[in-house]
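Undergrad: return atomic coordinates for the entry below.
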Amino acid sequence: MLLILAALLVGLAAAPAASAAPRCTSLARYSSGAHAWFDDRSATSQLVVGIDRLVCSAADGATIDLKSWFIYVDGPAIKHLVADLALMHRYHRVRVNVFVGRSGYSGAHGPAAWRAFRHAFSFAHVGSCYYSCRSTTPGSVEHGKWVAVSRLRQGGPAVLSTSANFSTQQYETVETGILVVGNLPLYTAFRQRFASFQACALDASSAACGRVATADQPAAQWFGERGVYVYFAPASTDPVTEALRKVTCSPTGTHRLVVLGSLFLTRRGVVAQLARLREEGCRVRVLLEHVPSDLAETLDPRCLLNHDKTLLIHTATTRLVISGSENFGPGSLHSSGQQMVRTTASAVVAGYERFYATLWARSKTC
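TA: Predicted structure coming up:
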């Protein structure tokens, strides 16, 4: 008996240790608060790499909500992201929820892109609305883009609000994102918004859809704490115009810069406030991707390939960034699904100021 027991002990000692669950590369530890990430047309940019590493930073058993107008699994960076999401789901019990706007898969290649997307995310819980979940306006889209993680390995939730849909084409233009760590009220707002989309996808006639005409949309609300907040559209009020209305400029002030970057600019309230600030002495820089409207032309915009949507204010009394998925037009506010994050974090404001200075330097007359 002793010989048998000894042999068993020797066998146990010789057996290889169980291998650890595989992990992908996670983020370095981030302090609580807001952090700016940038993508200047590179698949290895801070933003593109950060999206992937945020996914890999989820704690075991956490939930990841991935929201986008569309996800095209069409290149190495996107395939790498999907593989890491699948790894986290399989080996770390992470629940992966994905929600997209089905209208993002229209056109000649749409059906094939939809099939590829559904096949790639077979491990995830996928939902969609054809137009905006909360609007009856024809042509509205579910345009918001974010990644929300219920719990990081370092502790606490995190949300990345971004201008980028998840596709190779989007990664090859100018995009930005704001990562917010440890802000529970802000994370809760994103989680509740996402859950309302899921409920709407299950039953389009339910109250969760909130499908109302533009004139009956609720007023926008800011959710968050400690200088970092989010609002969601569609909404009846205009938080961007309201923020601009509170800004003043002095012709002799040291800091008097206002920058707006977007695909379009067709919102009268925003244009009127930018014109006022320019008359007061602010340097107003408008950077657009598409040939501007007659309304925007009054601000002497410049043009550049730029998918970002950002308002930057740096004056003697206001340092602020508002950035997210919303182009500055009436429809993007009053009918389509959007999110915009607002922060006064000095490092974020300084980061956006440097980033847009480089974009402005290489922009051209429209």
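Undergrad: alpha carbons only for contacts and neighbour counts from here, please
TA: OK.
Undergrad: wait, Ser323 sits on Gln338?
TA: No. With contact defined as CA atoms under 8 Å, Ser323 and Gln338 do not form a contacting pair (10.8 Å).
Undergrad: and Leu305, how many residues sit next to it?
TA: 18 (other CA atoms under 10 Å).
Undergrad: oh, that last question was meant for Thr315, not what I typed.
TA: Using other CA under 10 Å: Thr315 sits among 20 other residues.
Undergrad: do Leu179 as well
TA: Residues near Leu179, counting by other CA under 10 Å: 26.
Undergrad: grab the nearest non-local neighbour of it.
TA: Nearest non-adjacent residue to Leu179, counting by CA to CA, 6 or more residues apart in numbering: Leu160, 4.3 Å away.
Undergrad: just Met88 next, same as before
TA: Using CA to CA, 6+ apart, the nearest residue to Met88 is Val94, at 5.6 Å.
Undergrad: quickly list the domain ranges of this structure.
TA: Following automatic domain parsing, the chain resolves into domains at 33-209, 230-365.
Undergrad: now do stretch 64-84: distance to the chain's middle.
TA: Centre-to-centre, stretch 64-84 and its host chain are 13 Å apart (CA atoms, centre = their mean, to the nearest Å).
Undergrad: which residues touch the helix or strand hosting Cys200?
TA: Secondary structure assigned from DSSP states H and E places Cys200 in helix 184-202. Here helix 184-202 makes contact (CA atoms under 8 Å, 6 or more residues apart in numbering) with 65, 67, 99, 127-129, 133, 148, 150, 156-159, 206-209, 223-225, 228-230.
Undergrad: can you select the buried ones from the residues you listed in PyMOL?
TA: In PyMOL, this line selects whichever of the contacts of helix 184-202 come out buried by 16 or more other CA atoms under 10 Å:
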select buried, resi 65+67+99+127+128+129+133+148+150+156+157+158+159+208+209+223+224+228+229+230
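Undergrad: where does the stretch 151-300 of the chain dip in pLDDT?
TA: 207-208, 252-253 (pLDDT under 70).
Undergrad: hang on, the earlier thing: got the contact list for the residue nearest to Met88?
TA: Ala58, Ala59, Asp60, Gly61, Ala62, Thr63, Ile64, Met88.
Undergrad: quick one on the thing from earlier: give the buried residues for the helix holding Cys200.
TA: 184-191, 194-201.
Undergrad: center of this structure, which residue is that?
TA: Taking CA atoms, centre = their mean as the criterion, Thr162 is the residue nearest the geometric centre of the chain, at 2.3 Å.
Undergrad: ok, and the closest non-adjacent residue to that one?
TA: Closest residue to Thr162 apart from its sequence neighbours, by CA to CA, 6+ apart: Gly177 at 4.1 Å.
Undergrad: next one: Arg93
TA: Gly61 (4.8 Å).
Undergrad: just His255 next, same as before
TA: Nearest to His255 is Thr315, by CA to CA, 6+ apart, at 4.5 Å.
Undergrad: what about the helices in the chain?
TA: 2-14, 46-56, 76-92, 110-120, 168-171, 184-202, 239-245, 268-280, 294-297, 330-334, 346-362 (DSSP state H).
Undergrad: of the contacts of Val94, which is the nearest to Ala219?
TA: Ile64 (28.1 Å; CA to CA).
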